[in-house]
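Engineer: Give me coordinates for this.
(one chain, ligands or ions: 1)
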Amino acid sequence: MRAMFEIRGLSKRFGGLQAVKAVDFDLAEGEVVGLLGPNGSGKTTVMNLISGVFPANGGSIRLGGRRLDGLPAHRIAKEGVSRTFQLVRLAPSLSVRQNVLLSLSFGARPVSGREAERRADEALSRVGLEGVGDARVPDLNYIDQKRVELARAVATRPRLLLLDEWLAGLNPTELRAAIALVGSLRDDGATILLVEHIMEAVRALCPRSIVMRAGEKIADGPTAEVLNDRRVVEAYLGGAAHV
Ligand SMILES: Nc1ncnc2c1ncn2[C@@H]1O[C@H](COP(=O)(O)OP(=O)(O)OP(=O)(O)O)[C@@H](O)[C@H]1O
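Structural biologist: Model prediction:
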């Protein structure tokens, strides 16, 4: 059976730096996979290549058999990929609902008017922000701003959801709530690729993890096994002490 999402030979150079080196992996529908590695190993670059922030120098990216590489970001969004960013990126002058409406107008099947408002409110409830649609973004606390980001990403009903350190910066209570929320998306069948340094979250959410070091994929398998892999332990010891 063909994988729902497939990356082959993905490569990216920034000047003299080979940030991603011939990376291959597949995701099956409904899988939640951690993309791990020390700082600077290329994880965010892979997310940026998938979502079309910049083009790859080589390789292919396919979703449901359709090529995504080479498409601009808005077309990739329409093909069903949505993401959150490392730093919250919301429009501060707009209401929470308007922020979600904005992403709905870029989604796979753009909706407008009443239907869009219904979908926005549904996405806000989904992330625990029922009744918050009229609030202004700066009036929300940090975790609720993160929830709005997630609502924007799920409102379009993506086929693939990319979470780039969505759990970073939360206190322990918020972290537990955020892990439960991502877990509930997983239970609903979402396919998620998750870049994360918080191993508690990775262990709780990702049955499988992929590890990168210096642009290369060095491990891919069950999370518990991967985290005990000698090359992975060495990569972290030689890089940042995040494990
Ligand atoms: N737009 C860019 N221009 C030039 N170099 C870049 C760019 N984006 C990333 N890099 C470089 O590519 C390498 C990989 O960076 P990337 O952000 O993908 O790593 P990462 O694994 O996501 O790290 P972190 O865990 O710190 O977020 C780094 O050396 C980084 O400095």
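Engineer: The chain against the ligand: which residues are in contact?
Structural biologist: 14, 17, 19, 37, 39, 40, 41, 42, 43, 44, 45 (CB under 6 Å from any ligand atom). For glycine as for every other residue, the C-beta is placed from the backbone atoms N, C-alpha and C.
Engineer: helices or strands next to the least confident helix or strand in the chain by mean pLDDT in the packing?
Structural biologist: Least confident helix or strand of the chain, by mean pLDDT, DSSP states H and E, is helix 230-238 with a mean of 84. Packing contacts for helix 230-238, counted by 3 or more CB pairs under 8 Å, 6 or more residues apart in numbering; DSSP states H and E, involve strand 208-213, strand 216-222.
Engineer: Just the buried positions in it, please.
Structural biologist: Burial within helix 230-238, assessed by neighbour count using 16 or more other CB atoms under 10 Å, is assigned to 232, 235, 236.
Engineer: The second one and the ligand: what is the separation?
Structural biologist: Okay, so that is residue 235. Counting by CB to the nearest ligand atom, to the nearest Å, the separation of residue 235 from the ligand is 11 Å.
Engineer: before we move on, what about residue 113?
Structural biologist: Following CB to the nearest ligand atom, the distance that separates residue 113 from the ligand is 38 Å.
Engineer: Ok, residue 90 next?
Structural biologist: According to CB to the nearest ligand atom, residue 90 stands 20 Å off from the ligand.
Engineer: Residue 81 now?
Structural biologist: With CB to the nearest ligand atom as the criterion, residue 81 and the ligand are 17 Å apart.
Engineer: Show me which of the helices and strands packed on helix 230-238 has the highest average neighbour count.
Structural biologist: Mean neighbours per residue, mean count of other CB atoms under 10 Å, is largest over the helices and strands packed on helix 230-238 for strand 208-213, with a mean of 24.
Engineer: May I have the strands that pair with it, each with its orientation?
Structural biologist: strand 32-36 (parallel), strand 216-222 (antiparallel) (DSSP bridges).
Engineer: How far does that strand sit from its chain's centre?
Structural biologist: Remark: strand 208-213 is offset 14 Å from the chain centroid, using CA atoms, centre = their mean, to the nearest Å.
Engineer: can I get the strands paired with strand 208-213 in a markdown table with mean pLDDT?
Structural biologist: Putting these into a markdown table (pLDDT from 0 to 100) gives the following:
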| stretch | mean pLDDT |
| --- | --- |
| strand 32-36 | 97 |
| strand 216-222 | 97 |
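Engineer: I'd like those as TSV, with distance to residue 82 appended.
Structural biologist: Output for those, formatted as TSV (distance: least, CB to CB, whole Å):
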stretch	distance to residue 82
strand 32-36	15
strand 216-222	23
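Engineer: Between the ones you listed, which one is closest to residue 23.
Structural biologist: Of all these, strand 216-222 sits nearest to residue 23, with 5.0 Å by CB to CB.
Engineer: got the angle between the closest one and helix 230-238?
Structural biologist: Per axes from the mean of the first three to the mean of the last three CA atoms, to 10 degrees, the angle that strand 216-222 makes with helix 230-238 is 120 degrees.
Engineer: What are the contacting residues of strand 216-222?
Structural biologist: 21-25, 37, 42, 207-212, 226, 229, 231-232, 235 (CB atoms under 8 Å, 6 or more residues apart in numbering).
Engineer: List the buried residues of stretch 57-72.
Structural biologist: By neighbour count with 16+ other CB under 10 Å, stretch 57-72 contains the buried residues 59, 61, 62, 63, 68, 69, 71.
Engineer: that older thread, which of the residues of the chain next to the ligand sits closest to residue 116?
Structural biologist: residue 44 (30.1 Å).
Engineer: For stretch 159-176, list every residue counted as buried.
Structural biologist: Buried, per 16+ other CB under 10 Å, within stretch 159-176: 159-168, 170, 174-175.
Engineer: In JSON lines: these, plus distance to residue 55 and pLDDT.
Structural biologist: Output for these, formatted as JSON lines (distance: CB to CB, whole Å; pLDDT from 0 to 100):
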{"residue": "159", "distance to residue 55": "21", "pLDDT": "96"}
{"residue": "160", "distance to residue 55": "18", "pLDDT": "97"}
{"residue": "161", "distance to residue 55": "22", "pLDDT": "97"}
{"residue": "162", "distance to residue 55": "17", "pLDDT": "97"}
{"residue": "163", "distance to residue 55": "22", "pLDDT": "96"}
{"residue": "164", "distance to residue 55": "18", "pLDDT": "94"}
{"residue": "165", "distance to residue 55": "23", "pLDDT": "93"}
{"residue": "166", "distance to residue 55": "25", "pLDDT": "93"}
{"residue": "167", "distance to residue 55": "29", "pLDDT": "92"}
{"residue": "168", "distance to residue 55": "27", "pLDDT": "92"}
{"residue": "170", "distance to residue 55": "33", "pLDDT": "92"}
{"residue": "174", "distance to residue 55": "36", "pLDDT": "92"}
{"residue": "175", "distance to residue 55": "35", "pLDDT": "94"}
